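J.: kindly generate the corresponding structure for this input.
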Amino acid sequence: MAEAVSPSTVATGKNNWLQWLMVAGLVYLLICAVGMIGNGFKAATGDQARELFAFAVNPFAGLVVGTIATALIQSSSTVTSIIVGLVAGGLPVSVAVPMVMGANIGTSITNTIVSLGHVRDKEEFRRAFSAATVHDFFNLFSVLIFLPLEIAFGLLERLGKLLASPFYDAGSASMGGLNFVKTATAPIVDTTTSTLLSFGDQVGGVLLIILGIALIFLSINYVGKLLKGLMVGRAKEIMHTAIGKGPISGIASGTLVTVLVQSSSTTTSLMVPLAGSGAFGLKQIYPFTLGANIGTCITALLAATAVTGNAEAALQIAMIHFSYNVLGVLVIYGLPFLRNLPVRAAEWLGETAAENKAAALAYILGVFFVVPGVALGVTSLL
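T.: Coordinates of the predicted model:
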């Protein structure tokens, strides 16, 4: 005899479907918002986008802007989505590349702050702080390697263009394969754009940018909350199943979990308590954090599918974000003499912070705010 399905199970199933529909709606809203930013930036600046960001033509200034913005917002997905919209509106790709690199550094602050929850137990704090900052050091080393290559050769800009070009028809300004996304978002984006631009190009453009940024905050915030409720339990299962099974499994699971919860900060923060408790060692968790870097690229790639204006450049910067994170893993983790540098640095910092708690606070303020702020001030004077 078949078992009866309880009303609570049916209700839970319906509730889950409703939540998934809300997630889909918010992702749609996110893509619309990026399109609005692109239209607004283009209208507000005309052909003066490069002049507006002249201070960030210095790549170090761009890096600092990306770092501070992400540290304050605590969401690289939000910052990279905004960057995609700005590029679609005319921000030069060369200016945006260091900003994307900075977003990678800035997003590391969340799990570092989470590790402070273990501060009362010296040994737990040492393990947790080391696990949190291994992500920081990996991203810092990645910038040290790839920013000079980008300045000298335009490596990432060229690679991003190469990866984006197959999605465009020859001579076309729209993505051939993904054009249905642009078509689907056009009614809202075009209607909003025409309505706000009735106030004039500059005023309407600024209003479009403000509205787009607000909608990105709203959509990413609520998508994150919904996906945490739907997926965090499964994400923890994936972590427990895969983290200890080798580096490839760890990277793959970190990527998958981040795609599921749409937040690398959430992914890396999930593993900090596991490290603090001693359930996993630093070398087991390290590959998982690398996968989180790759998984977080999905938001910018989604955002780039429906922008108007310079759509090819928008996809290019999204591809740059993706290729930068993949290359970082291949180079730093793939080369034996580089692989353990972030681990050793994180272990040293964890031991230092465990002995002197003020060192942990000084590290967070210094790396994410003080040093970038001073650097921005200096570069603006040059």
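
J.: buried stuff in stretch 78-86?
T.: Going by neighbour count (16 or more other C-beta atoms under 10 Å), the buried part of stretch 78-86 is 78-86. Yep, even glycine has a C-beta here, placed from its N, CA and C like the rest.

J.: over to stretch 342-355?
T.: So for stretch 342-355, counting by 16+ other C-beta under 10 Å, buried means 342-343, 345-347, 349-350, 353-354.

J.: how about those residues in a markdown table, adding pLDDT and secondary structure?
T.: What follows is the buried residues of stretch 342-355, written out as a markdown table (pLDDT from 0 to 100; DSSP: H, G, I helix; E, B strand; the rest coil):
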| residue | pLDDT | secondary structure |
| --- | --- | --- |
| Pro342 | 96 | helix |
| Val343 | 95 | helix |
| Ala345 | 96 | helix |
| Ala346 | 95 | helix |
| Glu347 | 95 | helix |
| Leu349 | 95 | helix |
| Gly350 | 94 | helix |
| Ala353 | 94 | helix |
| Ala354 | 93 | helix |
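
J.: need the residues you listed in a markdown table (columns: distance to Asn104).
T.: Shown next, in a markdown table, are the buried residues of stretch 342-355 (distance: C-beta to C-beta, whole Å):
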| residue | distance to Asn104 |
| --- | --- |
| Pro342 | 13 |
| Val343 | 18 |
| Ala345 | 16 |
| Ala346 | 16 |
| Glu347 | 21 |
| Leu349 | 18 |
| Gly350 | 21 |
| Ala353 | 22 |
| Ala354 | 26 |
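
J.: doesn't Arg120 lie inside a helix?
T.: No - counting by DSSP: H, G, I helix; E, B strand; the rest coil, Arg120 is not found in a helix; it is coil.

J.: got the phi and psi for it?
T.: phi -70, psi -30 (degrees, to the nearest 10).

J.: give me the neighbour count for it.
T.: Arg120 has 8 neighbouring residues, counting by other C-beta atoms under 10 Å.

J.: that one and Leu282, how far apart?
T.: Arg120 sits at a distance of 20 Å from Leu282 (criterion: C-beta to C-beta, to the nearest Å).

J.: likewise Leu159?
T.: For Leu159 relative to Leu282 (C-beta to C-beta), the value is 31 Å.

J.: can you check Gly62 too?
T.: Gly62 is 31 Å from Leu282, by C-beta to C-beta.

J.: pick out whichever of those two has more residues nearby.
T.: Using other C-beta under 10 Å, the more surrounded residue of Gly62 and Leu282 is Gly62, with 26 against 18.

J.: so that one touches Val93, yeah?
T.: No - taking contacts as C-beta atoms under 8 Å, Gly62 lies outside contact range of Val93: 11.2 Å.

J.: could you tell me which residues touch both of those two?
T.: The contact sets of Gly62 and Val93 do not overlap (C-beta atoms under 8 Å, 6 or more residues apart in numbering).

J.: can you give me the helices in the stretch 51-200 of the chain?
T.: 59-73, 76-88, 93-106, 109-115, 122-153, 155-164, 179-196 (DSSP state H, counting those that start in this stretch).

J.: for the last one, packing partners?
T.: Helix 179-196 makes packing contacts with helix 7-45, helix 201-242 when contacts are defined by 3 or more C-beta pairs under 8 Å, 6 or more residues apart in numbering; DSSP states H and E.

J.: how about the buried residues of stretch 342-355, which pair is most distant?
T.: Maximum pairwise distance among the buried residues of stretch 342-355 (C-beta to C-beta): 18.2 Å, between Pro342 and Ala354.

J.: what number of residues are in the vicinity of Asn139?
T.: Asn139 - counted by other C-beta under 10 Å - has 26 other residues nearby.

J.: report the contact partners of it.
T.: By C-beta under 8 Å, 6+ apart, the residues touching Asn139 are 104-105, 108, 293, 328.

J.: a markdown table for these, including neighbour count, distance to Leu226 and pLDDT?
T.: Listed next are the contacts of Asn139 as a markdown table, based on neighbours: other C-beta atoms under 10 Å; distance: C-beta to C-beta, whole Å; pLDDT from 0 to 100:
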| residue | neighbour count | distance to Leu226 | pLDDT |
| --- | --- | --- | --- |
| Asn104 | 29 | 25 | 90 |
| Ile105 | 25 | 27 | 91 |
| Ser108 | 30 | 24 | 82 |
| Asn293 | 30 | 23 | 90 |
| Gly328 | 23 | 29 | 96 |
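
J.: out of those, flag the one nearest to His321.
T.: Using C-beta to C-beta, these come closest to His321 at Asn104, 8.5 Å.

J.: surely that closest one is in contact with Ser142?
T.: Yes - assessed by C-beta under 8 Å, Asn104 is found in contact with Ser142 at 7.0 Å.

J.: hey, what's in contact with both of those two?
T.: Tyr324.

J.: now Gly281, nearest residue through space, not along the chain?
T.: The shortest distance from Gly281 to any non-neighbouring residue, by C-beta to C-beta, 6 or more residues apart in numbering, is to Ala275 (7.8 Å).

J.: per-residue confidence at the closest residue in space to Val331 that isn't next to it in sequence?
T.: Closest residue to Val331 apart from its sequence neighbours, by C-beta to C-beta, 6+ apart: Ile145 at 6.4 Å. pLDDT for Ile145: 96.

J.: ok, Ile145 to Ala152 distance?
T.: Counting by C-beta to C-beta, the gap from Ile145 to Ala152 is 12 Å.

J.: neighbour-wise, which of the two wins?
T.: Remark: of Ile145 and Ala152, Ile145 carries more neighbours, 15 against 8, as counted by other C-beta under 10 Å.
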